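Student: got a structure for you, letters missing:
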């Protein structure tokens, strides 16, 4: 017989995710529950259901990788894995502040094509959540700091670290709603999900600019540098225009003009979904107990040009969804690429690599919901079937087409000459293009021969490489402005700022033709002055403590983020008693996590700022 759970369970204290007055109705029969054991990788493989025409292979598993959340291939084709080993080891999450998480490097020691060796680059981190290679080493985001980590003796162990930027304490209190997943972009900036800045790393220093990214966990970009992202209940968005130009705009403008949502069907998991945090709500599961609403979307990845495959992880439903769209976002096809009957299959990120495949990061966890949002319903369900038990597991999977064409394998980027790197900028595989651009940008000054080759390339990556070295010429920009492809036109308009000093009449005529055609005129009117040079609008003034602590949820302008956090502008209770407002910040309020890292002066600075809005 179905039972009804009061918010205060007979077994547990009130959970942070319980909502006042909400009845948590049990959606399953206890007699029908079966245990959820920890499976080996071979056993888990048998639980997978792939779309016809695809295959899946294991790349790495425990003990090589444990609790992975992010992974990437470097230019040596070594696998770097960011691990959150302390995340929710128990329902109370008590171990999360322990400094024992790792960034590991997984290598093939004997050249047989199988990864077999684990080296811990760092092993004393707190909930690490981002990694990006730079000339000097690795930038690693590990709350409360952004670190530059260097391996000075070549043993793949970081022996030098420097704090580059602080203020990321929110990543300890609320891992789900804090900056994450650093992406080194086509424009040579570093972008993050859940963050209001974009970063430029140059000559060993970090500079910041205001930005707007609506992502929650994970960030991807297409061939033209457009950002793709999702929220837990929204499978996919993309930015139609470069978001940093709109950093000071109101939320409604961003959601209506900047963002485009890619429509998606309901998820179709392979198993009943009683282990979802709010499965007791009537609209979460269908009549047969299968998840019918998106609830944990994360870790997006995109590939393709005229047809874009946009992949979305849904770890709560134990599946990966794919939506094929045109360049303008019109849906052509959508399907579940991979589903599993293993409730511990938790895909949290997808990334590309040197083969024509996508790689899946499987955190492989039972109790997956963070303590800030965990309900009594889910805690009881998890303990009934053993989902609360952890096993130090984790997997990286590779998915490719069974009838794939001959592999598009190029020279290993680390071994490539400058001329070969220029050729790789036009490689059909995005990983080769991105890696070659990074090595050329981070390398020494370009030779005359390399500059000539880049100018003859007509590649988007070549233009961005020239721009990074201050070698871009108007002729290279003109190629994009005169293209019939709107995305190339947008790129050309952005690049105009780098050649403005040339005052080339052809450039301005081409830009005027784009304006007169009407397709981008509104954007150009916003971004260009009389010279036609794009300029970013300044962000609203806000104290650093607000930007670092509050803006990732409430936005840089405090106008809120749809489906995440409300606007703080013009709120009546902000005029109330200071002591109450300080207590809200330190103790949390409803779904807002407690923020205990600020002193009284910092809290007051936030309060005073919000009162001016």
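Tutor: Cool, the structure landed. Predicted model only: the values in this text are computed from it and were never measured.
Student: Pretty sure residue 570 sits in a helix.
Tutor: No - going by DSSP: H, G, I helix; E, B strand; the rest coil, the assignment for residue 570 is coil, not a helix.
Student: how about it, what does it touch?
Tutor: Residues in contact with residue 570 (Cβ atoms under 8 Å, 6 or more residues apart in numbering) are residue 613. Every residue, glycine included, has its C-beta placed from N, CA and C.
Student: which residues does residue 359 contact?
Tutor: Counting by Cβ under 8 Å, 6+ apart, residue 359 touches 59, 71, 350-353, 396-399.
Student: rerun at 6 Å
Tutor: Residue 359 sits next to 351, 353, 398 when contact means Cβ atoms under 6 Å, 6 or more residues apart in numbering.
Student: The closest residue to the second one other than its chain neighbours: neighbour count?
Tutor: Okay, so that is residue 353. Of all residues not flanking residue 353 in the chain, residue 73 sits nearest, at 4.5 Å (Cβ to Cβ, 6 or more residues apart in numbering). Per other Cβ atoms under 10 Å, the neighbour tally for residue 73 reads 18.
Student: Equivalent analysis for residue 451, please.
Tutor: Residues lying near residue 451 (other Cβ under 10 Å) number 18.
Student: that older thread, are any of the contacts of residue 359 buried, and which?
Tutor: Among those, those scoring as buried are 351, 353, 398 (criterion: 16 or more other Cβ atoms under 10 Å).
Student: Name the nearest of the residues you listed relative to residue 186.
Tutor: residue 351 (15.9 Å; Cβ to Cβ).
Student: So that closest one belongs to a strand, correct?
Tutor: Yes - counting by three-state DSSP, residue 351 is part of a strand.
Student: Just give the closest residue to it, not the sequence neighbours.
Tutor: Nearest residue to residue 351 in three dimensions, chain neighbours excluded: residue 359, at 5.2 Å (Cβ to Cβ, 6+ apart).
Student: What strands line up against the helix or strand where that neighbour lies, and which way round?
Tutor: For residue 359, the element it lies in under DSSP states H and E is strand 358-362. Within its sheet, strand 358-362 is paired with strand 347-352 (antiparallel), strand 395-401 (antiparallel), according to DSSP bridges.
Student: Relative to residue 337, which of the ones you listed is closest?
Tutor: The nearest among the strands paired with strand 358-362, by Cβ to Cβ, is strand 395-401 at 6.8 Å.
Student: mind checking how far that closest one is from the chain centre?
Tutor: Distance of strand 395-401 from the chain centroid (Cα atoms, centre = their mean, to the nearest Å) equals 19 Å.
Student: Off-centre distance for the helix or strand just after that strand?
Tutor: Counting by DSSP H and E, the element after strand 395-401 in chain order, helix or strand, is helix 418-424. Chain-centre distance of helix 418-424: 29 Å, with Cα atoms, centre = their mean.
Student: So which bits of helix 418-424 are buried?
Tutor: Judged by neighbour count (16+ other Cβ under 10 Å), helix 418-424 contains these buried residues: 418, 421-424.
Student: Give me the residues contacting whatever helix or strand residue 449 lives in.
Tutor: Following DSSP H and E, one finds residue 449 within helix 448-457. Defining contact as Cβ under 6 Å, 6+ apart, one finds that helix 448-457 is touched by 418, 422, 462, 465-466, 471, 476.
Student: Skip ahead from that helix and say which helix or strand is next.
Tutor: helix 460-468.
Student: Name the residues that touch that following helix?
Tutor: For helix 460-468, the external contacting residues (Cβ under 6 Å, 6+ apart) are 186, 188, 425, 433, 437, 440-441, 454, 472, 476, 498.
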